[in-house]
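Sequence and predicted structure, then a few things I'm wondering about:
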Amino acid sequence: MSYAWNAADYARHSAGQQKWALELLDESDLAADDVVLDLGCGDGKITAEIARRVPRGRVVGVDLSADMIRHAREAYPPATVPNLQFFEGSASALEFDREFTLVFSSAALHWIRDHGPVLAGIHRALQPGGRCVMQMGGFGNFATVLASFEHVMAKPRWRDAFLGFESTYGFHHSDHYRRWLADAGLIPTRVELIPKDMPHASRDAFTGWLRTAWHPYTSKVGEAHRNEFIDEIVARHLASHPPEPDGSVHATGIRLQVHASK
C-alpha cells in the first residue's frame with residue numbers, strides 16, 4: 001500500500017533511521033566495484049552514501065513513493081553523483097535480472113506484510129554469489145509506541161476512523177524469516193532480532209517522527225485533525241515514558257537484521 005509522503009519533512013525527522021542505516025552500511029563489506037540495489041531508498045540520503053563508497057561500481061535506489069523519488073533525484077542528480085540512479089517501483093514487483101552484487105535495505109521492508117514476492121525478486125535481482133544485507137522493524141518493534149496508538153485509537157473521539165483497522169506493517173519473527181529466505185533460494189548467514197534505542201532530541205522531534213513514519217495509523221485520520229491525533233499519541237507516550245533531563249525522548253525498536261546470499 002502506498003501512502004502520501006512529505007519527503008522534505010521526512011528528511012528533517014529521520015535522524016534515527018539514518019543512524020541505523022549507516023551502522024548497517026558499515027557491516028555490509030562494500031567493495032569499490034559493487035553494484036548495489038537500495039531497496040526502499042526513501043529520500044536518497046543513504047543511497048548517495050552507498051554510491052560514494054563504490055566509486056568503481058554503481059547504485060540504483062528504488063522506492064514506491066513518487067514523492068521520495070522526486071526528492072532523491074533533485075537532491076542527488078547525475079551531475080553530482082554520476083554512478084547513482086533512482087526509480088519508482090515496488091519491492092514486491094522487482095524486474096531486475098542478475099544485475100546486482102548486493103541488495104541493501106534499511107528501515108523499509110516492514111512496510112510490507114508479505115515478503116515472499118520481495119525475497120523472490122531479490123533472488124532474481126542478485127548475481128550468482130550476490131548477497132543481501134537488510135534491517136527492518138521486527139517482532140515487538142516499538143511496542144510502547146504501538147500501545148500509545150491503540151489507547152488513543154480506542155477513544156470515542158477517534159474510534160470511528162479506525163473501524164475495521166488492520167495495520168499494514170510486517171513486523172516479522174526471525175524464525176519465520178529464515179524459512180522464507182530458504183523458500184526464495186537465499187542462504188541465510190545471519191537472521192536475528194536486535195533491540196535498538198531510537199533517541200529523539202526533543203518532544204517536537206518525536207512528534208515529527210510520528211508524523212512522517214507512522215502512516216498506517218496517522219493516515220486514517222483526516223488531515224484537518226491529524227495533528228491533534230498525533231499530539232494525543234505523544235502525550236500518552238510521554239505520560240509513561242517521560243523525556244530525559246536533557247529533553248530527549250526515547251523509544252525502543254526491535255530490528256530484524258538479515259544477511260543472506262544467493
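Good, I have the coordinates.

which stretches of the stretch 151-262 of the chain form strands?
Chain-ordered strands for the stretch 151-262 of the chain, with DSSP state E, counting those that start in this stretch as the definition, fall at 187-200, 249-261.

can you put the ones you listed in JSON lines and add distance to residue 97, mean neighbour count and mean pLDDT?
Every C-beta, even on glycine, is put in place using the N, C-alpha and C of the backbone. JSON lines is the format used below for the strands of the stretch 151-262 of the chain (distance: least, C-beta to C-beta, whole Å; neighbours: other C-beta atoms under 10 Å; pLDDT from 0 to 100):
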{"stretch": "strand 187-200", "distance to residue 97": "20", "mean neighbour count": "15", "mean pLDDT": "95"}
{"stretch": "strand 249-261", "distance to residue 97": "18", "mean neighbour count": "21", "mean pLDDT": "96"}
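
For residue 151, which of the ones you listed is the nearest?
strand 249-261 (15.2 Å; C-beta to C-beta).

thinking again about what came up before, in TSV, list the strands of the stretch 151-262 of the chain along with distance to residue 88.
As requested, those are exported to TSV (distance: least, C-beta to C-beta, whole Å):
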stretch	distance to residue 88
strand 187-200	28
strand 249-261	24
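
do you know which of these lies nearest residue 92?
Closest among the strands of the stretch 151-262 of the chain, once you apply C-beta to C-beta, is strand 249-261, at 16.4 Å.

packing partners for the closest one?
strand 126-137, helix 143-153, helix 174-183, strand 187-200, helix 203-213, helix 223-240 (3 or more C-beta pairs under 8 Å, 6 or more residues apart in numbering; DSSP states H and E).

Ramachandran angles for the residue located most distally from the centre of the chain?
Distance from the C-alpha centroid of the chain peaks at residue 156, with 31.4 Å (C-alpha atoms, centre = their mean). With angles defined as degrees, to the nearest 10, residue 156 sits at phi -50, psi -30.

which residues does it contact?
For residue 156, the contact set (C-beta atoms under 8 Å, 6 or more residues apart in numbering) is empty.
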